[in-house]
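Visitor: Output the structure for:
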Amino acid sequence: MSTESLTPSRREALALGAALVTVPTGALAMAAAPDPIFARIAWHKRLMEPARP
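Guide: Just a heads-up that it's a prediction; the model follows:
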C-alpha cells in the first residue's frame, strides 16, 4: 500500500486554481481579437459603399 496522500497540497491546489483562472482568460482574449483579414475586408467594404452605383 502507498503512503502517499491523495489530498493535494496547498501549493498544488493554488497552482491548479491559477491555471483554471488564466486559461479561460487567455482563450477569451484570443477569441475576442478580430481576424485582421476580415477586419480589412469590412473596412474596404465600408469605404466602397458610397462609390457603388
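Visitor: how far away is Pro50 from Ser5?
Guide: Per C-beta to C-beta, to the nearest Å, Pro50 is found 71 Å from Ser5. No exception for glycine: its C-beta is placed from N, CA and C like everyone else's.
Visitor: Same check on Phe38?
Guide: Using C-beta to C-beta, we find Phe38 at a distance of 52 Å from Ser5.
Visitor: residue ranges of the helices in the protein, please?
Guide: Ranges of helices in the chain, per DSSP state H, are 10-32, 36-48.
Visitor: quick one: which of these has the weakest pLDDT on average?
Guide: Among the helices of the chain, helix 10-32 has the lowest mean pLDDT, at a mean of 71.
Visitor: In this model Leu16 seems to touch Pro8, though I could be wrong.
Guide: Yes. Shown here, Pro8 and Leu16 form a contact pair, counting by C-beta atoms under 8 Å, at 7.2 Å.
Visitor: what number of residues lie near Thr7?
Guide: 7 (other C-beta atoms under 10 Å).
Visitor: check contacts around it.
Guide: If you count contacts by C-beta atoms under 8 Å, 6 or more residues apart in numbering, Thr7 has none.
Visitor: Phi, psi for it please.
Guide: Phi and psi for Thr7, reported as degrees, to the nearest 10, are phi -80, psi 130.
Visitor: For Ala13, see how far away it is.
Guide: As judged by C-beta to C-beta, Thr7 and Ala13 stand 9 Å apart.
Visitor: same deal with Val21?
Guide: Val21 is 13 Å from Ala13, by C-beta to C-beta.
Visitor: now Leu6
Guide: Here the distance between Leu6 and Ala13 works out to 13 Å (C-beta to C-beta).
Visitor: quick one, which of those two is more surrounded?
Guide: Taking other C-beta under 10 Å, Leu6 and Ala13 do not tie; Ala13 has more neighbours (11 against 5).
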